[in-house]
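> sequence below, structure please.
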Amino acid sequence: MSDPDTTARNRWLAMTLTRVAGSAGAIFGVVLLGRAQTLGPKILGVAIVLSALVMIATVPRSLARRWRTPPEA
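Next up is the predicted model:
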């Protein structure tokens, strides 16, 4: 079996990396939005920013809920 400390660290790292990836995606979307000169890339930038923000808000929470220790009966 794996060590509980290692498992907890790996799960924490996974949640943190999803936040970092979402932040990087949001930054990319803002850069794309700022450099765009036509409507198409601006819409794409807004879509990337919004999807990254949703990812930051929902994915770590759902991972934590999935990995929560069940209550003892």
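
> show me the shaky parts of the protein.
For the chain, the stretches flagged by pLDDT under 70 are 1, 73.

> other SSEs contacting the longest helix along it?
Identified as the longest helix of the chain according to DSSP state H is helix 4-35. Where contact means 3 or more Cβ pairs under 8 Å, 6 or more residues apart in numbering; DSSP states H and E, helix 4-35 is packed against helix 39-67. Placement of C-beta: from N, CA and C, glycine included.

> quick one, the helix it packs on and helix 4-35 angle?
Interaxial angle of helix 39-67 relative to helix 4-35 (axes from the mean of the first three to the mean of the last three Cα atoms, to 10 degrees): 170 degrees.

> packing partners for helix 39-67?
Using 3+ Cβ pairs under 8 Å, 6+ apart: helix 39-67 touches helix 4-35.

> need the three-state assignment for Gln37.
Here Gln37 is coil, with the state taken from DSSP: H, G, I helix; E, B strand; the rest coil.

> offset the numbering so it begins at 38, please.
All right, first residue 38 from here; so that's Gln74.

> ok, it to Glu109 distance?
Going from Gln74 to Glu109 by Cβ to Cβ, to the nearest Å gives 60 Å.

> ok, Arg98 next?
Distance, Arg98 to Glu109, using Cβ to Cβ: 23 Å.
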